[in-house]
Every structure is written in C-alpha cells, then in structure tokens.
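Trainee: coords below, sequence missing:
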C-alpha cells in the first residue's frame, strides 16, 4: 500500500503560480507513472498531467499546455506540478496518483489509478 501525500495548494491571484508536490509517507514512487488529476465543484475529475517512471515522458491536458510543467526528482522521491499563469478555471482540488499502468510510449496518460493522494485545494481568484 502506497500512501501519497500531496501539498502546495493555496489561494493565488490570476496570473500567479503555485507548485504542487507529491510524496509518500512510506514506500517509493520510483516504479510508478504519476498523474495529477483535478476536480472542480460540479465537474468530473480529470487528468491534468502525467509523467512516466523514468521522468522522460509526460503529457498534459490541452487547457494547461504551456502553463503547467510536471517533473520528478527520484533522489527526493517527489513529483511536482509547477503551475504558472493560473486562471480562475484552474480552481479545483488537485490529486496526485500512482497510475496502475505506465504512461504510453506516445505519452498518453492511462486513467486507471492504484493509489490516490488526499488532495490539495487550489483557488485562483482576485
């Protein structure tokens, strides 16, 4: 059982930045592709980005391309989501997840999840 801990959310003005972090309270992320998902009020949870276990393949939902960057630091057992140029429509609870299947060679994010983080709230508002 892998327990994921996501953090870094908060209140930020439009155009601002936040960096979300995903770690574990025990175990390693090394063997997992990791995804970031988000769920806004009244909407379904959607995958925002994913990264493979090597850290050399990633993908993003169209709405965040060019603004968000996913990365991983194996030495620190961490995965990050750097979010720049935030918009009000980015407001949601963000979850990191250990994916059941690996990110494909084409960089596509598999939606099946083995383990979820508890979620961190991101609010973009003036």
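Mentor: Now that the structure is in, tell me what you want to look at. Note that the structure is predicted; figures quoted are calculated from it, not measured.

Trainee: contacting residues around residue 74?
Mentor: With contacts taken as CB atoms under 8 Å, 6 or more residues apart in numbering, residue 74 has the following neighbours: 29, 30, 55. C-betas here are computed from N, CA, C, even on glycine.

Trainee: Could I have the PyMOL command that selects the buried members from the residues you listed?
Mentor: Selection of the buried residues among these in PyMOL, burial being defined by 16 or more other CB atoms under 10 Å:
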select buried, resi 29
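
Trainee: and of the contacts of residue 74, the nearest to residue 14?
Mentor: residue 55 (30.1 Å; CB to CB).

Trainee: Report the spatially nearest residue to that closest one, omitting neighbours in sequence.
Mentor: residue 72 (4.7 Å; CB to CB, 6 or more residues apart in numbering).

Trainee: The one you found and residue 49 touch, don't they?
Mentor: No. Shown here, residue 72 and residue 49 do not form a contact pair, counting by CB atoms under 8 Å, at 11.4 Å.
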